[in-house]
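Q: Predicted structure and sequence below. I'll ask about it afterward.
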Amino acid sequence: SAGGVTQAFELPGPLDLQGTLADGLLHTGFFGPIRVGTANLILDLTGTLAEGGRRVDGSVALFGSADPGRFGAVKRRRYLLAGTDLSSSSGQAAVVSVRYGRDVSVQENVESISSDPVARVSGALPFIVNRLRFDNLQGLDPSTFRADFQYSVGAGANPHDVVVLPEEDGGRPEGLACLTRYEAPYSDLAFFDLSDGAVVDRIDLTPYATNADHLPRPDRVLLHDGLLYVTLQEINGSFTDYGQGRMVVIDPRARRVLDVFDLSGRNPLESLLFSDETGLIYVGLAGIFPGRLPQSLSGGIETIDPVARRPLGLLVDDDDLGGNVSAVALAAPGRGYCVVTDATYHNVVKAFDPTTGAILGTVLDSPDPISTLVADGDGLLLIGIESFYEPRLLILDGASGGLFASQPLRLPPLSIAILTRSL
């Protein structure tokens, strides 16, 4: 505004800000131009971060003028969704945005993906891991979300997860990705050169399988404090024998296994995350879903001490939750959430205390399947509703569990990745 009157403005092109962010203070330096009427304005912003980095408030200097101004900025949150109806050979990626802390919108069909996709963001790069029968890794351009590359990871490999190694942890300037390959004869953690898709190294995980078929079934991989933590599901070839879940700890620089230990339950599935609040790693142990075998509540939520590199046992037992745990998220201080599935495949989302393990109650009882649950690191909890008739993304307030927004989608969201973890 000028003189108390709102003025129209125009951006001739993208604005390039090359300032600093340190100790909670943002300083952009001069940038622009922003056109107001016939004037081209060059601005300099200095502001203080608030609300956990979700807002910046401060002062504005205008080049060529001694008159100060004020500004307020609200972080835009963005999420990458991998959508599929599971009935065709392809799916679609979408991007959901939350602007000004209130306005939710969706950009559908940004890229074609497989019908069995996993969305991931690592090293500031968005990926789609195309799993069973597709066996490839798609790297997306972070500005357009169109595919930059699509590399085969081995016929029949069935990749499950990916992280990008920074250079200080053994990565390369051109990018080095660590990928879990679930099926034999791979059964490994493979190191892929992101410039050409070549496998530059691999760590065979077969020696750490204890079932009769020697199938480790590596699922999730987490990079924490320079080490890779890989969950092994320990399931035989016919999926009729579920061994004790295991964890392998790998030094990515030396490319060697440091530790292997049993977990306190079966079938570590999907959830593997570190909490800054507690300093612990959390693993979701699903047990056995009803189907080919009877339902078995042989899991829950386990914590791992990454300093001592040892499991601490079950924090929350699935017997107390009343069903199999299929997803875990930590959304706010003292507040975690998990998806619980009963013997009829009915889903609920329950809250728990990530320090004590106390169950805090049910925040969502869903008649439709819940495909995924993720915390965005900014106080919101994202829940994918896998309805063929009304697919949608539910967004809950992480502190209270109350509904923040419900966003309709064209395809059911099978997987969600957070594009905006921090400034």
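A: In hand now; what should we look at? Numbers count the residues shown, from 1 in each chain.
Q: just checking, residue 303 touches residue 312?
A: Yes. A contact is recorded between residue 303 and residue 312 when judged using CB atoms under 8 Å, the distance being 4.6 Å. Just so you know, the C-beta spots here come from the backbone N, C-alpha and C atoms, and that holds for glycine as well.
Q: So these two - more neighbours on which side?
A: Per other CB atoms under 10 Å, whichever of residue 303 and residue 312 has more neighbours is residue 303, with 22 against 13.
Q: Need the overlap of contacts for residue 303 and residue 312.
A: Counting by CB atoms under 8 Å, 6 or more residues apart in numbering, the residues touching both residue 303 and residue 312 are residue 280.
Q: helix, strand or coil for residue 78?
A: Following DSSP: H, G, I helix; E, B strand; the rest coil, residue 78 is assigned to strand.
Q: got the buried residues for stretch 372-391?
A: Residues of stretch 372-391 classed as buried: 372-386, 391 (neighbour count, 16 or more other CB atoms under 10 Å).
Q: repeat for stretch 204-219
A: 205, 208, 209, 211, 215, 216, 217, 218, 219.
Q: cool, stretch 153-173 as well?
A: 153-154, 157-166, 169-171.
Q: what's the span of that stretch from first residue to last?
A: 21 Å (CA to CA, to the nearest Å).
Q: Same question for stretch 16-33.
A: With CA to CA applied, stretch 16-33 spans 10 Å between its terminal residues.
Q: which residues in the chain form helices?
A: 318-321 (DSSP state H).
Q: in it, which ranges drop under the pLDDT threshold?
A: Along the chain, the model assigns pLDDT under 70 to residues 422-423.
Q: Let me see the contact set for the residue nearest the centre of it.
A: Nearest to the mean C-alpha position of the chain, by CA atoms, centre = their mean, lies residue 417 at 3.9 Å. Neighbour list for residue 417: 79, 80, 82, 119, 120, 121, 126, 127, 374 [criterion: CB under 8 Å, 6+ apart].
Q: can you name the two of these that are farthest apart?
A: Pairwise distances across the contacts of residue 417 peak at 15.0 Å for 127 and 374 (criterion: CB to CB).
Q: close enough to count as contact, residue 189 and residue 228?
A: Yes. Between residue 189 and residue 228 there is a contact at 7.0 Å, judged by CB under 8 Å.
Q: what touches both of these two?
A: Taking CB under 8 Å, 6+ apart as the criterion, residue 189 and residue 228 both touch 178, 221, 250.
Q: Among those, which ones are in strands?
A: The strands, defined by DSSP state E, take in 178, 221, 250 from the shared contacts of residue 189 and residue 228.
Q: The first one against residue 166, yeah?
A: Read it as residue 178. No. Proximity of residue 178 to residue 166 does not meet the contact threshold set by CB under 8 Å, at 11.6 Å.
Q: what's near enough to touch residue 147?
A: Contacts of residue 147 by CB under 8 Å, 6+ apart are 111, 138, 139, 140, 141.
Q: Considering those, which is situated nearest to residue 20?
A: residue 141 (26.6 Å).
Q: who has more neighbours, residue 189 and residue 228?
A: Neighbour count, other CB under 10 Å: between residue 189 and residue 228, residue 189 has more, with 26 against 23.
Q: Roughly how far does the more buried one sit from residue 264?
A: Noted for residue 189: a distance of 23 Å to residue 264, by CB to CB, to the nearest Å.
Q: again, but for residue 357
A: Relative to residue 264, and taking CB to CB, residue 357 is found at 12 Å.
Q: between the two, what contacts are shared?
A: residue 314.
Q: Of the two, which one has the most company?
A: residue 264 (20 against 17).
Q: contacting residues for that one?
A: Here residue 264 is in contact with 285, 300, 302, 311, 313, 314 (CB under 8 Å, 6+ apart).
Q: isn't the second one right next to residue 315, touching?
A: Yes. Under the contact definition of CB under 8 Å, residue 300 touches residue 315, with a separation of 7.4 Å.
Q: neighbour count winner among the two?
A: Neighbour tally, residue 300 and residue 315, criterion other CB under 10 Å: the higher count belongs to residue 300, 27 against 23.
Q: What residues are bridge-paired with the more buried one?
A: Per DSSP bridges, the residues bridged to residue 300 are residue 285, residue 317.
Q: do the one 5 residues further on as well
A: Beta-bridge partners for residue 305, by DSSP bridges, are residue 310.
Q: Was I right to think residue 244 contacts residue 234?
A: Yes. Counting by CB under 8 Å, residue 244 touches residue 234, with 6.2 Å between them.
Q: hey, what's in contact with both of these two?
A: With CB under 8 Å, 6+ apart, residue 244 and residue 234 have common neighbours 210, 266.
Q: Of these two, which one has the most company?
A: Counted by other CB under 10 Å, residue 244 and residue 234 do not tie: residue 234 has more neighbours, with 24 against 17.
Q: what residues are up against the more buried one?
A: Taking CB under 8 Å, 6+ apart, we find residue 234 in contact with 209, 210, 211, 215, 216, 217, 242, 243, 244, 245, 246, 266.
Q: between the residues you listed, which is nearest residue 70?
A: residue 245 (54.0 Å).
Q: What is the burial count for that closest one?
A: 28.
Q: So it sits against residue 265, correct?
A: Yes. Assessed by CB under 8 Å, residue 245 is found in contact with residue 265 at 6.0 Å.
Q: any residues in contact with both of these two?
A: Common neighbours of residue 245 and residue 265 (CB under 8 Å, 6+ apart) are 285, 299.
Q: mind checking how far the residue nearest to the centre of the chain is from residue 340?
A: With CB to CB as the criterion, residue 417 and residue 340 are 23 Å apart.
Q: just residue 71 next, same as before
A: 45 Å.
Q: which one of these two has more residues nearby?
A: residue 340 (21 against 13).
Q: ok, now which ones touch the closest residue to the more buried one other than its chain neighbours?
A: Nearest residue to residue 340 in three dimensions, chain neighbours excluded: residue 323, at 4.1 Å (CB to CB, 6 or more residues apart in numbering). By CB under 8 Å, 6+ apart, the contact set of residue 323 is 297, 340, 341, 342, 343, 348.
Q: for residue 85, same thing?
A: Residues in contact with residue 85 (CB under 8 Å, 6+ apart) are 91, 115, 388, 411, 412.
Q: Can you get me a residue count around residue 393?
A: Residue 393: 24 surrounding residues under other CB under 10 Å.
Q: isn't it right next to residue 384, touching?
A: Yes. Between residue 393 and residue 384 there is a contact under CB under 8 Å: 6.3 Å.
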